[in-house]
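K.L.:
the following block contains a protein sequence and its predicted model.
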Amino acid sequence: MKRFPVAVFFATAIACFANNARAVVIDDSLTCKESAHDFISALIDQKLIQPKPMRVESNSINAFWPAQGQHMTAYGFSVFAVVGFQKDDPLFRTGDGKPIAPSAYGAVVVATQAKVQAALTAAGNNAIVHHAGPLLTAIFCQQD
């Protein structure tokens, strides 16, 4: 009986590693050197995210789901969603509150804030790291 859970564990682990092997790495795009428009439109053009936001926050941050069958990683963590907003850009919808910034973008990853901060620090990236929910952390670039 003990062999079955071990076999399931290893099968699941192998599937996860195989999926990570096919993952698109977006680390270079999260170095805060581009606009939200450039970041989001590149992901849409590559068919990595849905072209319409799944949600728009009151601060105008638009959240986009990964496209079906696509898997992205950021600094070794699985991307749960991609976020962005750029003022006066038809790619983004405006929320009912004050926009967070003229241009802001990032990725929400599945990991703790401490692990994400450590990975970004090791990479020399000074992007904002923000707790986004249980086991969800945002890597965020904001341009004023």
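P.N.:
Okay, I see it. Residues are numbered from 1 along each chain as shown.

K.L.:
okay, residue 45: pLDDT?
P.N.:
Residue 45 carries a pLDDT score of 97 in this model.

K.L.:
please renumber so the chain begins at 19
P.N.:
Let's use 19 as the start, then, which means that last one is residue 63.

K.L.:
could you give the number of residues near it?
P.N.:
10 (other C-beta atoms under 10 Å). Yep, even glycine has a C-beta here, placed from its N, CA and C like the rest.

K.L.:
residue 57 - that's part of a helix, no?
P.N.:
Yes: per DSSP: H, G, I helix; E, B strand; the rest coil, residue 57 lies within a helix segment.

K.L.:
how about it, nearest residue that isn't a chain neighbour?
P.N.:
residue 123 (4.5 Å; C-beta to C-beta, 6 or more residues apart in numbering).

K.L.:
within the sheet, what are the partner strands of the helix or strand containing the one you found, with directions?
P.N.:
Assigned by DSSP states H and E, residue 123 belongs to strand 121-128. Here strand 121-128 has these sheet partners by DSSP bridges: strand 95-104 (antiparallel), strand 154-161 (antiparallel).

K.L.:
so what's the residue nearest to residue 57 bridging to?
P.N.:
Beta-bridge partners, per DSSP bridges, of residue 123: residue 102, residue 159.

K.L.:
ok, now which ones touch it?
P.N.:
53-54, 57-58, 100-103, 158-159 (C-beta atoms under 8 Å, 6 or more residues apart in numbering).

K.L.:
let me have the residues you listed in CSV, extended by neighbour count, pLDDT and distance to residue 149.
P.N.:
Output for the contacts of residue 123, formatted as CSV (neighbours: other C-beta atoms under 10 Å; pLDDT from 0 to 100; distance: C-beta to C-beta, whole Å):
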residue, neighbour count, pLDDT, distance to residue 149
53, 17, 95, 25
54, 26, 97, 21
57, 25, 97, 21
58, 26, 98, 23
100, 27, 98, 18
101, 24, 98, 14
102, 29, 97, 19
103, 28, 97, 20
158, 22, 96, 11
159, 24, 96, 17
